[in-house]
Structure formats: structure tokens, C-alpha cells
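predicted structure and sequence below. I'll ask about it afterward.
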Amino acid sequence: MKRPFFAFTMMLLLFVTSAFVATENYQDSNNDPAVYKLMEVTFLWDLLKEEYQPIRDRDDTWLDVGFRSKYAMAKKYASLEMIETAFGCPVFLRGPHDKDMNFKSKTSFGYYNPEFVAKLRTSIELALKKPLFKKVTKQVYQQHLESMARTYHNAYTYLNKEAGLQGLQREYLFLMTKPEGIDTGSFQEKFRAYAESLAKNQQADVYEGFTAPAFWLRRSIDGTSKQLFELLDMVIKEMEKA
């Protein structure tokens, strides 16, 4: 299924890079291949973005916004397999993803591992205590991630208070039991009015306005919605500090 599960994690992992370095083994950090690769993603992000051109067959997107394009830009340096090695636990407990992301399944989706999310938060909090690393991550956030972060933050509230969450959950799970499965793009049409209102008010990219509520819908099913929202909320508040 064409879903941006892992790419949400990629957005937060930009902050994690510093956390690995901010340890007692700072001088030895570059000896860890996973740490080195994650560092590359942060410090090469401008160059990666400048050189990236989406290819539908390769990236499962033709856009240069949203999670999939960001994952495609960073994949060479921080694949699913690399991140699981760095954290020492699976990113997902179940779903179609193996050593890499599978965006094509129509009958399953990735259930995030709460242990991974907890470790991710701990790493981010450690990173943000280091002034130098906080400065670097804040620049990356402001230049590339702030709009998307706020869109997903707002979408969480929208889905839980206005969209009829329980009914959407039932429909989503029911459609996945069908032999033909579910087409994510069609299901996202349920959020068209929300997405277009954001775009009209210049609050978000319309594509991200479509995908953000669907992301939180799946997280409400796998049980990590509150945990991930609190992490995102913490990051946004830290980035807003002077």
C-alpha cells in the first residue's frame, strides 16, 4: 500500500542524528556506520534536496513534497534496515515492510513498534540538550520541515475532534479485508475539504493536507497515535524556543 509510514519517522530522525553524537563516545561516533549515515542525512540535506527529482516508479511519488520524497532523498543514507540496526529494535511490529519500505500492499500497513518510538524520543531529547546540535537541527527544521510538521500536528486534532474517527477506523479496516484491498489515494478523498481549506488559507501543501489525516488514522489503529503526537508536539515546541 502506498503509505508514508516510515517517512514520518524520517522527519523526526533528522533530530536524532545529534543524539547519537551526544554521548560519552563522541570521538568514536564516526566508527559506527549507522551513526555516520544518519549524520550524513542531516548535514547533506540541502544538497540532497537540490539534486532530487522524483521518479514515480522508483519513489512511488511524482511530487517533491510530502514524506515519500523526503524518504527517497535520504534512503541511500538512512534506509529502514540501517535505522533498525542503529536503534537495536524493529521499527514496525507487523505489516508489509521488510528490509525496506513496501508502499504497494493494499491489504496491510505497518504497525509502529512503541519501543522504537520511545527510543526515538529519548534520542531526540538528548540531542536537543546540546546547543550546537540544536542549532543545526533547528536550521534544518525551519528550512525544510516546519510546514509539514505543523500540518501533521493540526491533522491530529482534526481527525480526533472533527472527522468521525471511529467510523473511519471501521471503514478502513473493513476495506482491507476485501480481496482488492484499499486504495489509499481514494480513501484520502475523505479529507479533501480539510486539505483544500488548509491550502486555500496558505497553511499547508494540499498533498500533505490529504495524507496527514490518513497517517494519523493508521496510527490510531496501530496504537501509537498519542505517543507519536506527543513526540511531534515536543519537537515543535523545542524548535519554537529562542
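Sure thing, it's come through. Numbers count the residues shown, from 1 in each chain.

use CA for all of it now, contacts and neighbours both
Will do.

any regions of this protein where pLDDT drops low?
In the predicted model, the chain carries pLDDT under 70 at residues 1-78, 184-186, 242.

leaving out the residues flanking it, which one is nearest to residue 112?
residue 92 (4.3 Å; Cα to Cα, 6 or more residues apart in numbering).

what do you get for residue 222?
Per Cα to Cα, 6+ apart, closest to residue 222 is residue 111, 5.2 Å.

can you check residue 80 too?
residue 100 (5.4 Å).

list the contacts of the residue nearest to residue 112.
110-113 (Cα atoms under 8 Å, 6 or more residues apart in numbering).

from residue 85, how far out is the residue nearest to residue 222?
18 Å (Cα to Cα, to the nearest Å).

tell me which of these two has more neighbours.
A side-by-side neighbour count of residue 111 and residue 85, using other Cα atoms under 10 Å, places residue 111 first with 20 against 15.

check the gap between that one and residue 217 for me.
Distance from residue 111 to residue 217, by Cα to Cα: 12 Å.

again with residue 237
Counting by Cα to Cα, the gap from residue 237 to residue 217 is 23 Å.

next: residue 203.
21 Å.

and residue 154, by the same measure?
Counting by Cα to Cα, the gap from residue 154 to residue 217 is 13 Å.

ok, for residue 212, nearest residue in space, not its chain neighbours?
residue 152 (5.2 Å).

what's the spacing between the one you found and residue 189?
Going from residue 152 to residue 189 by Cα to Cα gives 17 Å.
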